[in-house]
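J.: Predicted model and sequence below, questions to follow.
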Amino acid sequence: MTVRTRRGVAASLLSAALVGAQAADVEWDGTTYLRVPVRLGSDTRLVMPEPFDDAWEHDEEISATLLDAHTLIIRPRTDKVEQRLTLRGRSSGTLYLARVSSALPYTPLVTVHSPEAVEGTAGSGVLTVTALLRAMMLHAVPPGFHVEKSTRVLLDQPPYRVVAEQLWQSFGQAGVIARITSTLPQRSVPIVPANIQIQIPQLGALRAMAADDYELNPSQTSSRVYIVYGR
């Protein structure tokens with residue numbers, strides 16, 4: 001069941017009235033990574049299913065203001081933006097992870113829908129993909145997980161080299177913290193998780209990938225990445 005507030009509906013109607021405007025509707029189930037496109041000189045409205053607190057990775061790149069308790073207006077200050085946004089639902093405590101990027105196809109409105117309650121674990125007690133990603137980013141090992149150090153090369157194909165640093169493993173789930181390095185250090189290389197398919201069959205199917213930074217360039221030739229696998 002999807003719950004939408006009057007303010008959320010009002011924001012949707014207002015944005016839909018803009019000539020030529022397109023909107024993206026995202027069904028949040030606790031396992032997806034929200035994709036939020038931005039464009040220099042334009043606003044993006046991010047409508048969440050509940051009131052929230054937001055934390056930006058690089059807030060100097062972004063101007064963000066609240067339209068109402070559910071709606072964040074995002075305007076980039078630079079033409080190239082690649083960063084992570086973390087939102088915490090005030091009602092449910094849900095942690096929503098978002099990728100804010102100028103490389104995504106631009107839409108001025110992103111509306112997130114969710115069930116009435118989204119927890120950090122699925123009904124079986126297993127962590128959701130997003131919850132495990134968040135735990136690895138915070139280096140907070142969940143109960144039941146064993147952590148091992150690793151130096152395994154996961155990918156060595158231009159323009160990337162990916163080397164594992166840690167393996168987090170529990171029954172039916174696994175996470176890998178790795179370092180991704182550009183093999184073309186004089187060029188800007190975007191990190192697009194959908195295009196980096198690192199398959200490790202013994203850990204299960206590839207579920208999600210996130211990064212601390214989504215672009216490698218001459219001033220930053222590497223970034224930490226987080227990969228989740230599950231059966």
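T.: Structure received.

J.: Correct me if wrong: Asp25 contacts Ser114.
T.: No - counting by Cβ atoms under 8 Å, Asp25 does not reach Ser114; the two are 11.5 Å apart. Just so you know, the C-beta spots here come from the backbone N, C-alpha and C atoms, and that holds for glycine as well.

J.: quick one, which of those two is more surrounded?
T.: Using other Cβ atoms under 10 Å as the criterion, Asp25 and Ser114 rank with Ser114 on top: 21 against 12.

J.: how close does the more buried one get to Pro143?
T.: 25 Å (Cβ to Cβ, to the nearest Å).

J.: Helix, strand or coil: sort out the residue most central in space within the chain for me.
T.: Residue closest to the average C-alpha location in the chain (Cα atoms, centre = their mean): Ala98, at 3.5 Å. For Ala98, the assignment made with DSSP: H, G, I helix; E, B strand; the rest coil gives strand.

J.: Quick one: residues in contact with the helix or strand containing Arg45.
T.: Using DSSP states H and E, Arg45 maps to strand 44-47. Residues from elsewhere that reach strand 44-47 (Cβ atoms under 8 Å, 6 or more residues apart in numbering): 8, 11-12, 15, 36-38, 67, 70-75, 98, 106-112.

J.: One more: stretch 60-79?
T.: Contacts of stretch 60-79 (Cβ under 8 Å, 6+ apart): 5, 7-8, 11, 36, 38-40, 42-52, 54, 56, 81, 83, 100, 102.

J.: Of those, just the buried ones, ChimeraX syntax please.
T.: Filtering the contacts of stretch 60-79 down to the buried ones (16 or more other Cβ atoms under 10 Å) takes a single ChimeraX command:
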select :5,8,11,36,38,39,43,44,45,46,47,48,49,50,52,54,81,83,100,102
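
J.: Starting from the helix or strand hosting Val147, tell me which strands it pairs with and how they run.
T.: Val147 belongs to strand 146-149 when assigned by DSSP H and E. Using DSSP bridges, the strands paired with strand 146-149 are strand 160-170 (antiparallel).

J.: Return the set of buried residues in the partner strand.
T.: Going by neighbour count (16+ other Cβ under 10 Å), the buried part of strand 160-170 is 160-164, 166-170.

J.: what does stretch 210-230 give?
T.: 210-217, 222-223, 225-230.

J.: Do a quick rundown of the helices in the protein.
T.: 6-16, 129-137 (DSSP state H).

J.: Compare the ones you listed and say which comes out lowest on pLDDT.
T.: In terms of average pLDDT, helix 6-16 trails the rest of the helices of the chain, at a mean of 39.

J.: residue contacts, Val225?
T.: 162, 177-180, 191, 209-212.

J.: Which pLDDT value belongs to the closest residue to Pro193 other than its chain neighbours?
T.: Among residues not flanking Pro193 along the chain, Met209 sits closest, at 3.9 Å (Cβ to Cβ, 6 or more residues apart in numbering). At Met209, the model reports a pLDDT of 87.

J.: Much appreciated, bye for now.
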